[in-house]
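Visitor: Here's my sequence, what's the structure:
(chains A and B)
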Amino acid sequence: MQIELDDAEIVRQIAAGSAPDAEAELFRRIAPRIRLYGLRHLRDEQASDDLTQEVLITTLEALRAGRLREQEKLVSYVLGICRLTVLGMRRGAQRKERLLEQFGPDLHPAFEPAAPWLDGERLARCIQNLKERERTVLVMTFYDEQAGADVASFLGVSEANVRVIRHRAILLLRQCMGAAS
Amino acid sequence: MSAEDTGAHVRCRNPIDAAVFADYWLALLAPSDEEAVELHLLQCDPCAARLREVISMAAGVRKIAHDGALRMVVSDALIQRARSEGLRVRQYDVPAGGSVHCTVTAEDDVLVARLAANLTGAERVDLCLCDESGVEQRRLPDIPIHAGGDCVVYQESITFAKAAPDSTMIARLIVLDKSGAERVAGEYTFHHTRTIPGPGPQ
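Guide: Next comes the predicted model:
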């Protein structure tokens, strides 16, 4: 039977040295979450993969060196590294090659797909079944990438109202698609 | 906001709503709220899964809209967006009371009709789609009206139009007053000729 480690135990084992299982578990656990952060801030799958590797490497270095003493701060630490790394990537700073050379092929966490597959035909039916304004808000927001003020202007409502319509539309769409929760 | 424990697992004590994730994805949250969401996401798999679902839904909406597959009232900005993406937009401008002979070709990506009407001051406008006898088949209630109130741009599903046989469709813009009384602001007749081979009558 496999017993799952909590974050504190993972941090402790890695800091104690030579803990490949704990390191693998850390990768498995946080790599997809870091990648999500990357998708949100970088809007690019490849760049998100690069971010994930950099953050994992930096975190692992810190853990191996025992620099992260307060295990419960792991999440805050990772978030901080994510931010710094995104800033660095945006400035075009490239530590990647050197780090990859150093750590090489050990670092290939199995990434989850960015997003689950959706039944496109069903989604189209669900969108078509929304009220006109709900459909308009979703399309203008997600396809046309219009700011809330522009959507509000087109619909003749307030920005706050656009937000309410968008939230309701997402709720209805998820219900129509049979979302789990 | 936190997951139930500090590790891998599975139950979330304070799940974040999908609508909040949509705002997060759209960068609409205040910085402090965004930080709280990100800290939560880094320790909560169920919420991370929900965010992925929202991302997937957003991508799906984008693709379906890009494919011109929706019947809806659209903005000029959306048409410009389609053109800027290299999509071929077929547009028919129709005056109130007018009719047009129309078609789509295999090369068309988006099909829109600009329906001219005086909608100034209208509080609610419905778009009715009728068969050739004028019998209402579908109604889009409370549609958005262009600033200036001089037209409505209706997008027909390009998927539907490409497969449709020769046919006539009548569109009506209906203005409703506060009492619910209806007034026709414009009627538009489309004589569609099929030019793409396919199953069914020509």
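
Visitor: and the closest residue to A:Leu172 other than its chain neighbours, how far is that from B:Glu156?
Guide: Closest residue to A:Leu172 apart from its sequence neighbours, by C-beta to C-beta, 6 or more residues apart in numbering or on different chains: A:Leu130 at 6.1 Å. Quick note: C-beta positions are derived from backbone N, CA and C, even for glycine. Going from A:Leu130 to B:Glu156 by C-beta to C-beta, to the nearest Å gives 17 Å.

Visitor: So which residue is smack in the middle of chain B?
Guide: Nearest to the geometric centre of chain B sits B:Met72, at 4.4 Å (C-alpha atoms, centre = their mean).

Visitor: Verify the stated contact: the residue nearest to A:Leu172 with A:Gln175.
Guide: No: look at A:Leu130 against A:Gln175 with C-beta atoms under 8 Å: they stay out of range, at 11.0 Å.

Visitor: out of these two, which sits in the more crowded spot?
Guide: A:Leu130 (21 against 10; other C-beta atoms under 10 Å in any protein chain shown).

Visitor: List phi and psi for that one.
Guide: phi -70, psi 160 (degrees, to the nearest 10).

Visitor: mind listing what the residue nearest to A:Leu172 touches?
Guide: By C-beta atoms under 8 Å, 6 or more residues apart in numbering or on different chains, the contact set of A:Leu130 is A:138, A:169, A:172-173.

Visitor: correct me, but B:Leu70 touches B:Ile64?
Guide: Yes: the pair B:Leu70 / B:Ile64 is scored as a contact, 6.2 Å apart, by C-beta under 8 Å.

Visitor: Now list whatever residues contact both of those two.
Guide: A:124, A:127.

Visitor: in chain A, which helix or strand is least confident?
Guide: Ranked by mean pLDDT, DSSP states H and E, the weakest helix or strand in chain A is helix A:96-103, scoring a mean of 60.

Visitor: tell me which residues in the very next helix or strand once past that one are buried?
Guide: As assigned by DSSP states H and E, the chain's next helix or strand after helix A:96-103 is helix A:120-129. Neighbour-count burial for helix A:120-129, with 16 or more other C-beta atoms under 10 Å in any protein chain shown as criterion, is recorded at A:123-124, A:126-127.

Visitor: before we move on, back to that, most neighbours, which of the contacts of A:Leu130?
Guide: Busiest of the contacts of A:Leu130 [other C-beta under 10 Å] is A:Leu138, holding 28 neighbours.

Visitor: The helix or strand in which that one is found packs against which elements?
Guide: In this structure, A:Leu138 sits in helix A:132-138 according to DSSP H and E. If you count contacts as 3 or more C-beta pairs under 8 Å, 6 or more residues apart in numbering or on different chains; DSSP states H and E, helix A:132-138 packs onto helix A:120-129, helix A:148-155, helix A:159-176, strand B:72-73.

Visitor: Excluding sequence neighbours, find me the nearest residue to B:Pro144.
Guide: With C-beta to C-beta, 6+ apart, the residue lying closest to B:Pro144 is A:Leu155, at 4.9 Å.

Visitor: Averaged pLDDT, stretch A:150-165. What do you get?
Guide: Stretch A:150-165 comes out with an average pLDDT of 92.

Visitor: residues in contact with it?
Guide: Contacts for stretch A:150-165 (C-beta under 8 Å, 6+ apart): A:133-134, A:136-137, A:140-141, A:146, A:148-149, B:23, B:28, B:75, B:77, B:144-147.

Visitor: Low-confidence regions, chain A specifically.
Guide: Across chain A, the ranges flagged by pLDDT under 70 are A:1-4, A:92-117, A:180-181.

Visitor: Need the residue in it that's farthest from the chain's center.
Guide: Outermost residue of chain A (C-alpha atoms, centre = their mean): A:Gly156, 34.1 Å.

Visitor: Tell me the spatial nearest neighbour of A:Met177, not counting adjacent residues.
Guide: In space, A:Met177 is closest to A:Cys126, 5.9 Å off (C-beta to C-beta, 6+ apart).

Visitor: scratch that, A:Leu171 is what I was asking about
Guide: B:Ala19 is the one closest to A:Leu171 (C-beta to C-beta, 6+ apart), at 6.5 Å.

Visitor: picking up where we left off before, tell me the spacing between the residue nearest to A:Met177 and B:Tyr154.
Guide: 21 Å.

Visitor: try A:Asp50
Guide: 44 Å.

Visitor: Which of those two has more residues huddled nearby?
Guide: Using other C-beta under 10 Å, the more surrounded residue of A:Asp50 and B:Tyr154 is B:Tyr154, with 23 against 18.
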